[in-house]
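Asks: Return atomic coordinates for the entry below.
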Amino acid sequence: MRRYLNMLLFPAVVAVSSCGLDNYDAPESTIYGRVVYNGEPIGVRGTGEAVQLQLYQDGYELRNPIPVYVGQDGTFEARVFDGEYKLVTRDNNGPWVNDRDTTIVNLRGTANVDVPVTPFYTLSNVQLSLSGSSANASFQINEVAGGRDIEYVMILVGKTSFVDDVSYTARLDINDVTEGSTITGSLDLTNNADFNSGRALFARVGLRPAGKDQAIYSQVVQLR
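Replies: Residues are numbered from 1 along each chain as shown. Sure thing, here's the model as predicted:
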């Protein structure tokens, strides 16, 4: 789901003359990518431009980064001019180790790139279902990097396909969980207006590492 398109004129690439920007074409080349661990995309919060990468191009006087917004399914898309770029994670942003390794992108028309990161935890064996008026979840917590406690885990239900810790219609937080454990929980939607409307419902689960600004999420599942 590539919904985040950066239509940016990079000032280091496009010089501004006294005639303004009207003399210059918009960029037509595109970088498509994913933020991954072990080759699999990482689910993040997709609303509010919460998780970002930063794109740099060397050799120009102005070196402000181009922000690249990561979608909830871990994909991103940036439209810029052809050239060689450096792509890094934003400092202290995201549910992963803050190592900020550089990914080099040589762009000629289009480029596909994976940005590898090391999350503190992953979520596996995620099962989400709707039974009567209950949204049920089961999943396993796996420690990867270590060194961080788990602040809480979340079971989230939303009325649109965008679901996260600020965009939901029902939420259950579970505390005092440990890595390696299997988490189960249910959300009672009996009195939930969005459930009772009969419209589509979506769900996902998330985990917030202690001291990090973002949670890691499972992919979104449609319950009905």
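Asks: my guess is residue 56 meets residue 83, correct?
Replies: No. Using C-beta atoms under 8 Å, residue 56 is not in contact with residue 83; the gap is 10.8 Å. Using the backbone N, CA and C atoms, a C-beta is placed for each residue, glycine as well.
Asks: Which residue is the nearest non-sequential neighbour of the residue nearest the centre of the chain?
Replies: Among the residues of the chain, the one closest to the centroid is residue 44, at 3.1 Å (C-alpha atoms, centre = their mean). Using C-beta to C-beta, 6 or more residues apart in numbering and skipping the chain neighbours, the partner closest in space to residue 44 is residue 51 (4.5 Å).
Asks: And for residue 36?
Replies: Nearest one to residue 36, counting by C-beta to C-beta, 6+ apart, is residue 114 at 4.8 Å.
Asks: Can you show me the helices along the protein?
Replies: 193-196 (DSSP state H).
Asks: what's the domain layout of the chain?
Replies: Domains of the chain are assigned by automatic domain parsing as 5-116, 121-222.
Asks: what about residue 70, neighbour count?
Replies: 30 (other C-beta atoms under 10 Å).
Asks: distance of it from residue 214?
Replies: The gap separating residue 70 from residue 214 is 10 Å, by C-beta to C-beta, to the nearest Å.
Asks: quick one: common contacting residues for these two?
Replies: 44, 51, 94 (C-beta atoms under 8 Å, 6 or more residues apart in numbering).
Asks: Dihedrals phi and psi, the first one?
Replies: The phi/psi pair for residue 44 (degrees, to the nearest 10) reads phi -140, psi 180.
Asks: How about the contacts made by it?
Replies: Counting by C-beta under 8 Å, 6+ apart, residue 44 has contacts 35, 50-51, 70-72, 74, 94-95, 214-217.
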